[in-house]
Structure formats: C-alpha cells, structure tokens
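Undergrad: Need a 3D model of the sequence below.
(one chain, ligands or ions: 1)
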Amino acid sequence: MLKKNIYNIFLIIFRIFKKNPLIFSLTFLFPLVSGLLTFYSYSAQVTLINLVAVESREFTWNQVFAAAIIPVLIYISVYGVQNLFSSITMIIKNKLNANVTMAFQSDIIDVANNIDFERFDNKEFGDKLQRAKGVVGEDLDGITNFLVSSVGTISSLISIIWLSATSGYYLITLIISIMIVSTLTIRLITEVKVRRVGREITFDGRMGDYLSKTLEDYNALREMKTYNSTNYFIELWGNMMSKQHNKRYGARKFEIKIGTIVAFLQTTTIFIVLIFLLNRLDGNNTVTIGTISVLFLALLSCGNKIMSLTWPLSRLYISSSKLYDLNEVLEISHNYSNKVEINKNYQSLIPITFSNVSFKYSISEKYVLSNINMTIKPGEKIAIVGENGAGKSTLIKLILGQYRPSSGFIDWNNCKYPNGKVSVVFQNFIKFELSLRENIILGNVNENIDDERVMEILEKCELMDLFHELGGLDVELGQIYEGGRQLSGGQWQKLAIARALYNDADLIIFDEPTSAIDPISEMKIYQKLIDICQDKTAIFISHRLGWAKSVDRIYVLESGIIAEEGNHEQLIANNGLYSDMFNLQSSWYK
Ligand SMILES: Nc1ncnc2c1ncn2[C@@H]1O[C@H](COP(=O)(O)OP(=O)(O)OP(=O)(O)O)[C@@H](O)[C@H]1O
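TA: Coordinates of the predicted model:
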C-alpha cells in the first residue's frame, strides 16, 4: 500500500514535469538557490556577532565598522535576493498550477470524449472520472505547494549543516541529520494516523457528509416533511457526527502526546549541542560566540521548518489514493479504440440494416436485445415503443454505433461503422446557459453561423414568440449571466429540438425528450415533429403510443425482442401487445 501510494505521488510529479519541464524546473530552482543562500546569510551573521562581541574589544569602532560593511552588504543582499526569489517562485508556481490544472483537465475531458461508451456508461468508471477531476481541482495545488516548501526547507537545512560542517562541528552535522530524519518520520506517522480518521476517507465521515447534504437539499427536505422523517435524519446525522468527533478527538490526543515527546527531544538535543559548544569556546578557536549563537537560533528555526513539512506531506500521502485514479484515467488517453465518426462528415448512413443482432452489456450476462432484424429506409418515420426496460434506448445506442452487437451484424449504408450525420434529442437534454443563438448552433459548430437558418428553425419549432420576447439571438439564457433569461421546461425542450434540427442530418432520433410532460402534450409535440421531419428519416421512442398512428412503421419491443412490427392499423388489427397497450392507454388521450 505504502509503496503503491509513493509510486502514485512520483508518477504524478513526473507527469507534472512532462507537461511543463521549464516552468517545473524553475519553480524548484528558485527556492533551492534561495535556501542555499541562507548559508551566506548565516556566515555574515557569524562575522557580525564576532565583530561586535569579541573584536570590538581589541579594535577601534572605525575599524570594526569598516570590517562590518562587507558582511552587512552580504546579509542585506541575501535577504533582498531571497525575497525577490520568493515572489518569483510564487508567480511561476501559480503559472505552473494553472498550466498543469488546465492540461490535466483537458486530458480528462479528452478521455471522457474518446473512450468507448461501454466504459463511459459504467458507473464505477464515472466515479473514477469524478475523483480524478476532484484531484486536479484541489490536490494538484497541494502537490506543487508541498514540493516548493520542501525544496525551500531542505535547502535551508543543508545551509545549517553546511555552516556547522565548515566550522568543524561534524558531531552537530550528524545530530542534525538524525534529528531531521527521526522527527519527520515520527510526525509523519502521527499525521497520517490522525488524517485517517478524516472526513473524506472514513465511512462515518462520508455518511455524515451525505446526511448533512441531504438535509440541505430542498427536494429531499420536501419528501422528508411529507413523511415526517426530518427528525430521524437529524438524529442519524448527529450520531454520525459525534462518533466521528470522538474518533478525531482520540487521534488528536495521540498527536499531542507524540508532539510533546518530539518537541522535548528536539529541544533537549539542541541544548545538549549548545552546552557542548559552549564548553569548547575557550579551548578551540574555531568555536566562536558568533557561530554558537547563529547555529543555536538556526537549529531552533530548523525544528519549526521540519514541523511545517509534516502537514503537507501527510496530506499528500492521504490524497495519493486519489492520485491513483488520476493516473489511471490519464493512462487511458493512450489506449483509445473508438472508431465512431458520427457527425464528422456529410455521408448518409441510411439505410441501416440490423441482421440477427443480439446484445448484452459486458457487466451482465442477460441479453438486453435478442435477434433483432430491421431496416430503416430513407425518409421513413419509425416508432420504437415498449415498456420501461424493454431495450429501446439500447437499440438507439447500437444505431449510433456507441455499442457493438454481441452477435449479428449492423450495416450503415454499406459501412461497418456509422460515418454520417445524425441528430439526437435525448431524454435528459441539456439546458446550455449560453445565448439563444449558441443554444441552436451548438447542433453544428463546424459550419459557419447561419442566422437565416437559425430563424427558420425558430419558426419551425414555434419559438418565434420567445425570440420576440427576448428581443434578439444574443440574449443569454439561464441564471449564470446577470440579467440572463430563465425559460420554461417546454421552451428548453423546444430549444433542444431546434438544436437537433440545425444539424442538417438525414437521420434524427427523439429518445423520449417529452417523457416529463403529460401524454396529450407529448402527442401534440410528436405529431408536430413528424411534420417538421418530413424530408428526413426519423426515429421516435416512447412507451406512450398516442402519437404512433402517424408514423410509417412501429416496432414493439418486449424484453429485448421485436414482438410486433407494422403500422398502427395493422398492429391494432393484430390484436396483440400493441393493441392491448393502445387500448390501455387510450383513456390518457381523452
Ligand atoms: N449501461 C448499462 N449497463 C448495464 N445494463 C444496462 C445499461 N443500460 C441499460 N441497461 C439495462 O438494459 C435493459 C434495457 O434498458 P434500456 O434503457 O435500453 O430500456 P428502455 O426500453 O429504453 O427503458 P426506458 O423506457 O425506461 O428508458 C434494462 O434492463 C437496463 O437495466
């Protein structure tokens, strides 16, 4: 586990480096040089203290003053350069963070855009993608911050060791090295232990978060009120919180105990070193009051610097499991196998022929579609109807080439893959918080914007009233823009349809975009759509049938097989499943 986590951290650091080698190197070069310069600052301080404390007794003030000019200049220059470097580091670190965040985010979007749908639809993969995105948002900043502060701290520690080594205090060098390693290890183990009880990684923590979010959610509150279950939720949440607080309190107590022992050991070591040096003050002339004072203060500050490293280091260690997700997602970008070229050229993909097609999702053994034989001919209006879970949307996924048949064969106008233009209005169509024009032209961003066509489509989709009310195509919709206009559900839905029409495809698919509205309105909209799509091939999906009278052919799906096929009159005359469903639903349309 430890090895895997450390490997993940290094892999991410390597990826960050690969994204921006120059900025990465500069981000760490400045704090490194700055830390090493501390040696000259310490040396200048040693000289100054010796001058004031010892040599002022033997020389005149003018001589002391003249001798002090160089060390003072060195001290001021180092101080100035260090401040300058710290500002530069801050600027380039921010630049590095911004560049890397953007680059990783683009990689993740690229992965989501290019992986095969089988993986895309998989819930586990979706969660992984979410976690990877979360790491890019929060934890990458933490990694670069940690690296910068550790480079700075380690190089100033090297300065202390350097100072003690050049003064001949090898013993001190050894003590400091042991102190650095031991303190850092003990503090790190403690921090990791404390953080393990943290919110994000324990069940109690996640459950507490979930319950508190649920208690803030308007819709959840409404349902809870209906069932009088709000107090039950509050109690659950309270229990989770106090359980977690107790655990955290226990971990913090452990941390305080260890912290006290470490601080005691550290201070004792420093004082022992001090006594050792003071003892040698008279006998050995390399030991001066200046070196002792500077080393003593430097050692104390070194303790604090070590402490300051433990928090980001432990945080980095804890988030390394999330880094695993990011690494895994980024790895995928080298292994795309998607061959679907929908909407990338103007070829027609009609007719589409299914020959003995069966399909099952890889995560399950059950066949969702079995032995499907059908042909979609140019200009036809087709309805695919059936109960919930009958396989309608899966059939569409196969038509769009998002999934390959488990057995059987699909042919798109003599091609093995769908290389043509298709428009789809999905059940959960998106309300883009952009301008009215953008909401429509997004249907085909590869073409020059054609406002005349936009207006034509607004007219077809009965959106002219909205256009006049808004006063233009540039008006922003939604709530993000100040003064943006909110639309009704029906208006958003018409916009989704307009977007699909703007993409001048010869196949257009409506996958129950009207499921949230009542059957009579749905029937009217579908009848209107059948008119609008007169010169196109169109597939309409629904488990309601009121509108299906007007299409050329109806496929009735039942548990993944085509149970019936024909036009409305034929299927009614059949007295089969369609006729039963139609009669059952007929009361909806009265
Ligand atoms: N990504 C998936 N992985 C595994 N099984 C799936 C997946 N998507 C759908 N299914 C299963 O396939 C079957 C058919 O689902 P599909 O969504 O095609 O039905 P549908 O007729 O469109 O249903 P509805 O009318 O409710 O939208 C269902 O049993 C469903 O649980």
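
Undergrad: C-alpha only now, for contacts and for neighbours.
TA: Fine.

Undergrad: any idea which element Q82 lies in?
TA: If you go by DSSP states H and E, Q82 is part of helix 61-114.

Undergrad: Please disregard the earlier target; I meant I410.
TA: For I410, the element it lies in under DSSP H and E is strand 407-412.

Undergrad: tell me which residues of that strand are tucked away?
TA: In terms of neighbour count (16 or more other CA atoms under 10 Å), strand 407-412 has its buried residues at G408, F409, I410, D411, W412.

Undergrad: Stretch 141-152 now?
TA: The neighbour-count check on stretch 141-152 (16+ other CA under 10 Å) flags D141, G142, I143, T144, N145, F146, L147, V148, S149, S150, V151, G152 as buried.

Undergrad: swap in stretch 293-309?
TA: Going by neighbour count (16+ other CA under 10 Å), the buried part of stretch 293-309 is 293-296, 298-299, 302-303, 305-309.

Undergrad: Pick out the residue nearest the middle of the protein.
TA: The centroid of the chain falls nearest to K133 when counting by CA atoms, centre = their mean (1.2 Å).

Undergrad: is any part of the helix or strand hosting that residue close to the ligand?
TA: In this structure, K133 sits in helix 123-134 according to DSSP H and E. No. Shown here: helix 123-134 not in contact with the ligand (CA under 6 Å from any ligand atom), separated by at least 8.1 Å.

Undergrad: What angle do helix 61-114 and that helix make with each other?
TA: Relative orientation of helix 123-134 and helix 61-114, computed by axes from the mean of the first three to the mean of the last three CA atoms, to 10 degrees: 150 degrees.

Undergrad: Kindly report the residues of the stretch 301-450 of the chain close to the ligand.
TA: Counting by CA under 6 Å from any ligand atom, the residues of the stretch 301-450 of the chain that sit close to the ligand are Y361, V368, E387, N388, G389, A390, G391, K392, S393, T394.

Undergrad: 5 Å instead?
TA: Residues of the stretch 301-450 of the chain lying close to the ligand (CA under 5 Å from any ligand atom) are N388, G389, A390, G391, K392, S393, T394.

Undergrad: Of those, which count as buried by neighbour count?
TA: Listed as buried from those are A390, G391, K392, S393, T394; burial here means 16+ other CA under 10 Å.

Undergrad: right, and the secondary structure at G401 would be what?
TA: Under DSSP: H, G, I helix; E, B strand; the rest coil, G401 falls in the coil class.

Undergrad: separation between it and the ligand?
TA: Remark: distance between G401 and the ligand (CA to the nearest ligand atom, to the nearest Å) = 14 Å.

Undergrad: pretty sure that residue contacts N419?
TA: No. Using CA atoms under 8 Å, G401 is not in contact with N419; the gap is 9.3 Å.

Undergrad: Looking at the stretch 401-550 of the chain, which residue is nearest the ligand?
TA: With CA to the nearest ligand atom as the measure, H543 is the residue of the stretch 401-550 of the chain nearest to the ligand, at 6.0 Å.

Undergrad: Residues of this structure that sit close to the ligand?
TA: Residues of the chain lying close to the ligand (CA under 5 Å from any ligand atom) are D121, N388, G389, A390, G391, K392, S393, T394.

Undergrad: Mind pulling the model confidence for the fifth one?
TA: What it means is G391. What the model reports for G391 is a pLDDT of 91.

Undergrad: same thing with the first one?
TA: According to the prediction, D121 has pLDDT 74.

Undergrad: Backbone dihedrals for it, please?
TA: phi -80, psi -10 (degrees, to the nearest 10).

Undergrad: mind listing the helices in the stretch 151-300 of the chain by residue range?
TA: 170-196, 203-216, 218-226, 230-279, 289-332 (DSSP state H, counting those that start in this stretch).

Undergrad: Of those, flag the one that's most buried.
TA: Greatest average neighbour count among these goes to helix 289-332 (a mean of 19), per mean count of other CA atoms under 10 Å.

Undergrad: Check which element follows that one along the chain.
TA: Following helix 289-332 toward the C-terminus (DSSP H and E): strand 352-359.

Undergrad: in the stretch 251-400 of the chain, what spans have low per-residue confidence?
TA: Applying pLDDT under 70 to the stretch 251-400 of the chain flags the ranges 281-287, 311-312, 314-315, 317-321, 333-346.

Undergrad: repeat that with 90
TA: Applying pLDDT under 90 to the stretch 251-400 of the chain flags the ranges 251-351, 361-366, 378-379, 385-390, 393, 397, 400.

Undergrad: so what are the domain limits for this protein?
TA: Domain assignment for the chain by automatic domain parsing gives 2-168+286-327, 339-421+506-590, 428-504.

Undergrad: For L184, find the nearest of those domains.
TA: For the domains of the chain, distance to L184 was read as CA to CA. The smallest value, 6.5 Å, belongs to domain 2-168+286-327.

Undergrad: separation between the nearest residue to L129 once chain neighbours are set aside and the ligand?
TA: The shortest distance from L129 to any residue other than its chain neighbours is 6.9 Å, reached at V329 (CA to CA, 6 or more residues apart in numbering). Note on V329: its distance to the ligand, by CA to the nearest ligand atom, is 19 Å.

Undergrad: How about the contacts made by V329?
TA: I108, V111, K128, L129, A132 (CA atoms under 8 Å, 6 or more residues apart in numbering).

Undergrad: among these, who's most crowded?
TA: The residue in the contacts of V329 with the most neighbours, by other CA atoms under 10 Å, is A132 (24 neighbours).

Undergrad: Does that residue touch D139 like I think?
TA: No. The pair A132 / D139 is not scored as a contact, 9.9 Å apart, by CA under 8 Å.

Undergrad: angle of the helix or strand where S34 lies against helix 61-114?
TA: Per DSSP H and E: S34 is located in helix 21-50. Helix 21-50 runs at 160 degrees relative to helix 61-114, counting by the same axes, to 10 degrees.
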